[in-house]
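**Q** Structure for the following, please:
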Amino acid sequence: MNEIATAAHASLRAPAAPNDGWKMLLTKEVLRFWRVAGQTIAAPVLTAVLYLLIFGHVLEGRVQVYPGVGYVAFLAPGLVMMSVLQNAFANSASSMVQSKIMGNLVFLLLTPLSAWHWFVAYVGAAIARGLLVGLGVYLVTLWYAPPRLDALAWVLVFAVLGATLMGVLGLLAGLWADKFDQMAVFQNFIVMPMTFLAGVFYSINSLPGVWRTVSRFNPFFYMIDGFRHGFYGVSDVSPWLSLGVTGISVLLVSALVLHLLRTGYKLRN
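**A** Residues are numbered from 1 along each chain as shown. This is a model prediction of the structure:
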């Protein structure tokens, strides 16, 4: 086992090898969720649509957040982005924890793949799943909210950055957790509350002063608010501020995860 641990540590610290191993790992991670698409893609789409039907039915015509934008139209982008974030996180986190529990992670550790290869493969697959689920939710919501895109560039930028950040956070959770119970703690007590309290169902401007201030410290709020700006051209804060907060968050968390991968954090035991 000492020899295996030494080889695993060396492989993660090694410079990127001139091979296509990362592509094979990325393909493996994409196929992992695609083979059970009913659970990983269709089910989250159905959940988001149920949110839209319930909240839209109750509040449509009674609440108007932005002038000229109905509540269902306001809610749809928030649900799309929420689905992107939650599923990107779930993909990388569950994959890493599952590999630990099944004991097949050692075979990956013995490959010449560098930390960057691991990072690109796991996060790339998380981005793919998040965007696929988000696209599915968007296509279904078109039936309830007429399509309107004020700035497609903002939509794409925040969708990709949001999926990237959550894919990296999922990888971080997967590295830290040794079993699904620990991963569930990360998801249920950090990801879910921060997502639901990020302005998916409401504008933070409707909150009392103290809670409005607290919401501005939630990075998930900036991803959702910037994404919604791409649809209607209005938002609670400047999209450039949202872009800055999201971009800095991606860089900081990515640097941390790459450091943990290079040092073999909780991978060599």
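**Q** Residue 213 and residue 161: what is the separation?
**A** 24 Å (C-beta to C-beta, to the nearest Å). (Glycine included, C-beta is placed from N, CA and C.)
**Q** Check which helix or strand the closest residue to residue 45 other than its chain neighbours maps to.
**A** For residue 45, ignoring the flanking residues on the chain, the nearest one in space by C-beta to C-beta, 6 or more residues apart in numbering is residue 136 at 4.1 Å. Taking DSSP states H and E as the criterion, residue 136 maps to helix 115-141.
**Q** tell me which helix or strand of the protein sits lowest on mean pLDDT?
**A** The weakest-scoring helix or strand in the chain, judged by mean pLDDT, DSSP states H and E, is helix 2-13 (a mean of 48).
**Q** give me the low-pLDDT residue ranges for the chain?
**A** When residues are selected by pLDDT under 70, those of the chain lie in 1-19, 60-64, 146-147, 269.
**Q** Which helix runs longest in this protein?
**A** helix 71-102 (DSSP state H).
**Q** and it with helix 115-141, angle?
**A** Per axes from the mean of the first three to the mean of the last three C-alpha atoms, to 10 degrees, the angle that helix 71-102 makes with helix 115-141 is 140 degrees.
**Q** In helix 71-102, which residues are buried?
**A** Neighbour counts using 16 or more other C-beta atoms under 10 Å place 71-97, 99-100 of helix 71-102 among the buried residues.
**Q** cool, and stretch 226-236?
**A** For stretch 226-236, by 16+ other C-beta under 10 Å, it's 226, 227, 228, 229, 230, 231, 232, 234, 235, 236.
**Q** picking that back up, who has more neighbours out of residue 213 and residue 161?
**A** Higher neighbour count among residue 213 and residue 161: residue 161, with 21 against 11, using other C-beta atoms under 10 Å.
**Q** Do you have the strands of this protein handy? List them.
**A** Using DSSP state E, no strands are found in the chain.
**Q** how about the residue nearest to residue 45, what does it touch?
**A** Contact analysis of residue 136 by C-beta atoms under 8 Å, 6 or more residues apart in numbering lists 41, 42, 44, 45.
**Q** Now intersect these with the helices, please.
**A** Judged by DSSP H, the contacts of residue 136 include 44, 45 as members of helices.
**Q** Of the contacts of residue 136, select the buried ones using a PyMOL command.
**A** Filtering these down to the buried ones (16+ other C-beta under 10 Å) takes a single PyMOL command:
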select buried, resi 41+44+45
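**Q** ok, so of the contacts of residue 136, who is nearest residue 251?
**A** residue 44 (27.4 Å; C-beta to C-beta).
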